[in-house]
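# Mind looking at a prediction? Sequence and model below.
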Amino acid sequence: MRDGGLLISSSSTSSKLRSAASRGVDSIASYRARRGVEIAGRLTSAAVACGSSVALGISDLMRECASPANVWTARDLHNADGELFDGVGTFASCGVRLCPSCSASLRRRARRRARVALASCALRSGEHARFITLTMPTIAEASLLETIQIVHRAWSLMRKRKFWKANVRAGIKGVEFTVTPNGYHTHIHILCISKWIEYAGLRSEWSHCLRSAWRASGREIAFNTSHGEAIVDVRLVKAKTRASSTRVIVSLESALQEVCKYVTKSESWDAVPDAHLVEIAEVERWPRLFEVFGEMRDRHDAPETDRVFTSLDTPNLSDGAQLQFSFESSLAMPSRARPPTLRGLMHTLDRRTWLIILSLRFTDRRAYRRSVLCGLYPYAVFMSLDGVKSFGAMVG
Ligand SMILES: [Zn+2]
């Protein structure tokens with residue numbers, strides 16, 4: 001369940017374990033579909049109340065993504081080693097940040113990118129893997145989007161600082177938020193390769209960058225800490241850790257989970273006010289929430305067999321590409337002009353036509369993705385939540 005919704009069950013496990021794993025993917029699929037519909041419902045009401053046609057259209061997309069015909073579970077998928085496992089995903093994807101299925105896909109994809117990046121960069125003498133957290137004080141009246149923009153601006157300044165460049169050679173960064181009674185606690189996690197990092201220097205540099213970012217956003221905020229500066233944290237990363245040493249040392253797996261969280265877990269949206277939900281839905285281009293930086297090799301696109309489980313319809317989907325996909329028909333030839341994007345259509349069509357087009361495009365995309373999956377996984381059986389089964393070539 002921790003692996004972005006892809007529950008793995010090896011072929012060597014007993015039938016008892018296999019059936020437990022199968023129940024696992026069923027419950028994950030049902031949970032995500034239910035949560036997707038719940039969040040879409042909240043967004044619909046909020047969008048109507050705010051008069052936001054974009055947010056309304058986004059809620060429609062989310063509902064299609066969470067529909068029983070679109071969410072699948074599969075038995076007997078296989079990996080490169082020939083091991084069989086069960087999985088869960090969506091045929092077509094909405095790509096909306098608020099969507100539980102699509103955000104699980106983003107997390108999974110981020111973890112894959114992070115592992116490749118880490119493997120590409122060997123430690124040099126005097127270097128260690130470190131896990132750094134850079135926090136920002138909560139700003140009571142700020143929206144989530146504003147806090148993300150401010151922390152992103154501060155980060156852009158930080159990575160250009162002499163102190164940072166002299167000590168940190170490469171790394172992976174993720175932005176995360178939690179909701180507190182005083183506002184959003186938006187912060188950055190970094191898993192990096194660095195020389196010794198002087199704690200006081202890091203704190204002072206980050207505080208400087210935050211002050212500049214605040215000023216640029218028209219805010220003058222003070223640090224309400226005993227030292228008058230931001231709170232930062234640095235830990236050593238080890239492949240394996242002892243429970244007694246976790247205060248200063250963090251395991252590689254924990255660090256990876258943190259940097260690849262992709263903003264938040266879906267339950268956190270429950271604590272976000274309706275108006276902020278609308279604002280998030282309306283965002284067309286997000287600041288980069290996950291990135292590989294410095295001398296680590298980044299792999300944006302996984303091979304098709306790997307990528308297919310992300311349920312993402314566009315291999316190039318990135319932080320800035322939300323809803324940029326067009327649902328080309330399975331019959332479409334590459335030379336044909338691409339149809340308008342759904343985001344483009346929701347601006348121009350009347351609601352009734354928009355819903356019809358949306359449904360048709362999802363249906364078309366679903367059929368295409370179903371056939372691709374059955375081709376890639378010839379031993380697998382896919383079943384959508386509406387009970388429709390599809391069989392891989394070797395099964396059917
Ligand atoms: Zn989705």
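Structure received.

# would residue 87 count as being in a helix?
No: membership of residue 87 in a helix is not supported by DSSP: H, G, I helix; E, B strand; the rest coil, which gives strand.

# Tell me how far it lies from residue 373.
For residue 87, the distance to residue 373 under the criterion CB to CB, to the nearest Å works out to 10 Å. C-beta coordinates here come from the backbone N, C-alpha and C atoms, glycine included.

# and what of residue 80?
Plainly put, residue 80 is 17 Å away from residue 373 if you go by CB to CB.

# Going C-terminal from the longest helix along the chain, what's the next secondary structure element?
Of all segments of type helix in the chain, defined using DSSP state H, the longest is helix 15-50. Past helix 15-50, heading to the C-terminal end, the next element that is a helix or strand (DSSP states H and E) is helix 53-65.

# any residue of that next one up close to the ion?
Yes: contact of helix 53-65 with the ion is found when judged by CB under 5 Å from the ion, involving residue 65.

# Just list the residues touching the residue of the chain positioned farthest from its centre, thanks.
For the chain, the residue at maximal distance from the C-alpha centroid (CA atoms, centre = their mean) is residue 226, at 34.9 Å. When the contact criterion is CB atoms under 8 Å, 6 or more residues apart in numbering, residue 226 has no partners at all.

# Assign a three-state SS to it, would you?
With three-state DSSP as the basis, residue 226 sits in coil.

# Could you do the one 4 residues further on as well?
Classification of residue 230 using three-state DSSP returns coil.

# element containing the residue nearest to it when sequence neighbours are not counted, please.
Here the nearest residue to residue 230 in space, its sequence neighbours aside, is residue 207; by CB to CB, 6 or more residues apart in numbering that works out to 4.4 Å. When elements are defined using DSSP H and E, residue 207 is found to belong to helix 199-216.

# counting contacts, what elements does that helix pack onto?
helix 144-158, helix 162-167, strand 232-238 (3 or more CB pairs under 8 Å, 6 or more residues apart in numbering; DSSP states H and E).

# Nearest the middle, which residue of the protein would you pick?
Nearest to the chain centroid, counting by CA atoms, centre = their mean: residue 106, 3.3 Å.

# Now do the residue lying closest to that residue once chain neighbours are set aside against the ion, distance only.
In space, not counting the residues next to it along the chain, residue 106 is nearest to residue 262; the distance is 4.8 Å by CB to CB, 6+ apart. Taken as CB to the ion, to the nearest Å, the spacing of residue 262 relative to the ion amounts to 13 Å.

# which residues does residue 262 contact?
By CB under 8 Å, 6+ apart, the contact list for residue 262 reads 103, 106, 107, 110, 174, 289, 290.

# Now the two most distant members of those residues.
Distance extremes for those: the farthest pair is 103 and 174 at 12.7 Å, using CB to CB.

# which stretch of helix or strand covers residue 363?
Applying DSSP H and E, one finds residue 363 within helix 351-376.

# where does the stretch 201-350 of the chain have low pLDDT?
Under the criterion pLDDT under 70, the flagged ranges of the stretch 201-350 of the chain are 241-247, 299-337.

# hey, where'd the strands end up in it?
232-238, 249-251, 290-294 (DSSP state E, counting those that start in this stretch).

# Distance of the residue lying closest to residue 47 once chain neighbours are set aside relative to residue 350?
Once its chain neighbours are removed from consideration, residue 47 has its nearest residue in residue 55; the separation is 3.6 Å (CB to CB, 6+ apart). When distances are taken as CB to CB, residue 55 and residue 350 turn out to be 17 Å apart.

# Between these two, which is the more surrounded one?
residue 55 (24 against 7; other CB atoms under 10 Å).

# The more buried one: what's it in contact with?
By CB under 8 Å, 6+ apart, residue 55 lies in contact with 43, 46, 47, 277, 278, 281, 282.
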